[in-house]
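Chemist: Pasting the sequence and the predicted model now:
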Amino acid sequence: MLVKIVIVGLLLFMVFNLFLAMKAMLGNSPKHQPMSKYIGRRVMTSALIVVIILLAISTGLITPNPRPY
């Protein structure tokens, strides 16, 4: 259950960074950070999510759906 909560938290963090990148693109960011900083965080978070899912499946913490055929 903890793995699923961590994954959902990371997905919310990805969406948050997506909106920060949108604000930076529109020029409404008060800090004037480059948009690539937020997009880079988003890509790094998605890579971390994939690694966590692969580790959780390999250790048996979560189980994938059975084959449909």
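Modeler: Noted; the coordinates are in hand.
Chemist: Report how many residues lie close to A21.
Modeler: 21 (other C-beta atoms under 10 Å). Every residue, glycine included, has its C-beta placed from N, CA and C.
Chemist: Which parts of this structure are strands?
Modeler: Assigned strands in the chain: none (criterion: DSSP state E).
Chemist: pLDDT weak spots in it?
Modeler: 29-31 (pLDDT under 70).
Chemist: Against L12, how distant is the nearest residue to K4 once chain neighbours are set aside?
Modeler: In this structure, K4 finds its nearest non-sequential neighbour in I62, 7.3 Å apart by C-beta to C-beta, 6 or more residues apart in numbering. Separation of I62 from L12 (C-beta to C-beta, to the nearest Å): 19 Å.
Chemist: So between those two, which is more surrounded?
Modeler: With neighbours defined as other C-beta under 10 Å, I62 and L12 compare such that I62 has more, 14 against 11.
Chemist: Any figure for the gap between the more buried one and V51?
Modeler: Separation of I62 from V51 (C-beta to C-beta): 14 Å.
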